[in-house]
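1. can't give you the sequence, but here's the structure:
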């Protein structure tokens, strides 16, 4: 029993001290990684993997120097390796005056300073550093029996390039999105913000995956407290692997039991650049195009980058529609159920009669009817999501038109319920952030049950319960519902429901303690 | 971590507590005493909160981080302080539980009469415990969210009631002289003094350095709520007349029932009741907090779930034992007028006076 309880506690309660999250004991192979470098030890550790290449050769100077170049097949740019490292050392350097004078003792310095035409080169002296560099895609050159080696930047692997993200397409705006390669992603940001204040701090997370993670922020704009808190939380993570930023998100968010997303994410460089300019901090991980941004507030999940590219007046309407969509997606079925089950008095007689005639012959209560329809809708969504596009569309059409129509004709559901569920589904697509949209989908079901059993009182209690929860949330110290509550009037009027033109957005949102509150203005 | 609320949040929270759910019975209470001129009584009655509030705020700088119970302990002595705390807990707890009963009675009568009283009571108390557990900062944010909604709900109700105004109900003004207006003002004292008792527990969470902002926030809150209450009372008098307003238990909800928007939405009081639930929760949570602070002072308790659940259970038992209807209103009016009002009227000025005397004679 106790072991069951212990297991239950382990899988449900996130330890406050994140050091305890899946603590990884050092593997036997990791013993002695901080020791002085030796090719034999590296060979012992890595030679069992078929993708590791050890290219041994001899450089003939004043003395013969045995060298070994170690790389991972598939992670290095072979053309660069052949033409600018191996050829340069083995062929082009023949007769070089420095090579002629080279001895075993001076070999490392001679190669670094005179013979290797690589722009990225670094000396290392520990076994762990060498193994990290090799497995990250760099080439490591061991020279003679010296206790140092050279890391040569030669990373190059197949990637899908810079494409428009499918989940964040825009009518107006750049067509580029992040990819799975960290360096491409950082370069996309650097292209947007060409200022030395843009800081990119590198970390490695995951005891086994050793995933490269970059924390991006603009110095003097981002709050130093938030930056250090991000680095502190990331630094405390001890897990075997980080394969996607979602797992980082779960480990650094403030309240892991909340259904609400407390960390934003984006696939678009322009989005990230805009957020960095507002004083937020980005977390980019190798192997995923999803970049996290912190801190996050509720209102940002109803904003998209396009809001700032179109005329402000039009975007006010669009924003308003998104808020209406959010309200409908969350509340339309429950309000309908409460009104038709408990509170007929709020409906005018003609509307009440029309609803009643539509429900004639339907064997289920309104709540049961809605639950069945919503569950079918969820199944259709889930089924269509992972199928190839043409089949997914067919599933949607079959589900919505054929099944819906048949269900109405068979008097299993009322036509008005089909309309309500249809409105709910369409409204949920008006929520631009997928993580908020799925939160709404999750909350809709209990609201339907409560509305069917307790009417408006139940719905009001549930909504107030949600409100209390949302008001108690914080994201990296920033109240989640700001600038609405606590009210920050300037930010509220500037960029929540109303979007003022860029020239009117003179101040950065002061929900974050930014060092430079002025955001520039139209001259 | 010490929780703090900003001076702006203090103003909104003060307004929320002052408004509370007083807009439901105020017209009935006043119309019974002052008749047609009852709307004159609101502002003078509410203004008593200003000197009392200033007295309470004046303690903040000399006793930072202490509530009025702790200050009473320092000034009157340990046992007198504890005796005051016991009375404070009993009054606040009982009135808080009666608020629950009144909210439940309102919802039961107006929304779904066939739903068991216990379901309503549990719903309300769960929200109160959740809000209290979330802390005073969240309570302040909650008031920031709810207060504007309640005010908007009231304004919409009043605006949509204008076509139903019977303008001859307004005159003659002060036909019975000033005396009924004064009696009416005395009748409203329980609302501002409830706020003052709440303020006695709130002061440790206020920004000590922002005295002038707090004072102006207090003044603004009193004037704003005074105006709203005056308008609510006036609207009910204008629509129903003084006799009917004195008879109607929940006049503003009856107004809501009469409203129809564009021949599509009618009887919107159930929607507004949803908004007003927030105001009720706010008021009950403050009473809940007073009990918590009192117990913390007497027994030195820290924030524990069992403490909150226990207080919630006591609230539930007291609320569920109420019969509902007029009985709750009578019980509440007795508790407020005979136990809370004299206590608040005496305690705050006495403490202020004695504390000043002690300072004058060099004792602290």
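-> Arrived safely, thanks for sending. Bear in mind the structure is a predicted one, so any value in this text is a computation, not a measurement. Numbering: from 1, shown residues only, chains lettered A, B, ... in the order given.
2. Point out the residues in the stretch 1-150 of chain B that sit beside chain A.
-> Applying CB under 8 Å from any CB of the partner chain, one finds that the stretch 1-150 of chain B approaches chain A through B:6, B:8-9, B:107, B:111-112, B:115, B:119-120, B:123-124, B:126-127, B:130-131, B:134-135, B:138, B:140-142, B:144-145. For the C-beta atoms, the positions are set from N, CA and C on the backbone; glycine is no exception.
3. Show the buried residues in the residues you listed.
-> Under a neighbour-count criterion of 16 or more other CB atoms under 10 Å in any protein chain shown, the subset of these counted as buried comprises B:6, B:8-9, B:107, B:111-112, B:115, B:119-120, B:123-124, B:127, B:130-131, B:134-135, B:138, B:140-142, B:144-145.
4. Quote the end-to-end distance of stretch A:297-313.
-> The first residue of stretch A:297-313 is 23 Å away from its last residue (CA to CA, to the nearest Å).
5. Does that stretch reach chain B?
-> No: on the criterion CB under 8 Å from any CB, stretch A:297-313 is out of touch with chain B, staying 11.9 Å away.
6. How far off centre is that stretch?
-> Distance of stretch A:297-313 from its chain centroid, counting by CA atoms, centre = their mean, to the nearest Å, is 19 Å.
7. and what of stretch A:180-190?
-> 14 Å.
8. Flag every buried residue along it.
-> A:181, A:182, A:183, A:184, A:185, A:186, A:188, A:189.
9. got it, and stretch B:322-342?
-> Using 16+ other CB under 10 Å as the test for burial, stretch B:322-342 gives B:322, B:324, B:328, B:329, B:331, B:332, B:335, B:336, B:340, B:341.
10. if we look at that stretch, which residues are touching it?
-> Applying CB atoms under 8 Å, 6 or more residues apart in numbering or on different chains, the external contacts of stretch B:322-342 come out as B:25, B:29, B:91, B:94-95, B:98-99, B:101-102, B:104-105, B:108-109, B:117, B:189-190, B:193-194, B:197, B:249.
11. hmm, which of the residues you listed are the buried ones?
-> In terms of neighbour count (16+ other CB under 10 Å), the buried residues within the contacts of stretch B:322-342 are B:25, B:29, B:91, B:94-95, B:98-99, B:101-102, B:104-105, B:108, B:117, B:189-190, B:193-194, B:197, B:249.
12. just checking, residue A:212 is part of a strand?
-> Yes: secondary structure of residue A:212, determined by DSSP: H, G, I helix; E, B strand; the rest coil: located in a strand.
13. What residues are bridge-paired with it?
-> Each beta-bridge partner of residue A:212 is listed here, defined by DSSP bridges: residue A:204.
14. ok, now the one 5 residues further on?
-> Applying DSSP bridges to residue A:217 yields these beta-bridge partners: residue A:199.
15. residue contacts, it?
-> A:198, A:199, A:227, A:276, A:280, A:281, A:282.
16. can you rerun that using 6 Å?
-> Taking CB atoms under 6 Å, 6 or more residues apart in numbering or on different chains as the definition of contact, the neighbours of residue A:217 are A:199, A:227, A:281.
17. Which residue ranges make up each domain of chain A?
-> A:28-152, A:172-303, A:312-472 (automatic domain parsing).
18. Distance to residue B:289 and mean pLDDT for those domains - can I get that in a markdown table?
-> Supplementary listing: those in a markdown table, determined by distance: least, CB to CB, whole Å; pLDDT from 0 to 100:
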| stretch | distance to residue B:289 | mean pLDDT |
| --- | --- | --- |
| domain A:28-152 | 54 | 85 |
| domain A:172-303 | 23 | 92 |
| domain A:312-472 | 14 | 89 |
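19. export those domains to JSON lines and tack on distance to residue B:64?
-> Formatted as JSON lines, the entries for the domains of chain A read as follows, by distance: least, CB to CB, whole Å:
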{"stretch": "domain A:28-152", "distance to residue B:64": "52"}
{"stretch": "domain A:172-303", "distance to residue B:64": "25"}
{"stretch": "domain A:312-472", "distance to residue B:64": "26"}
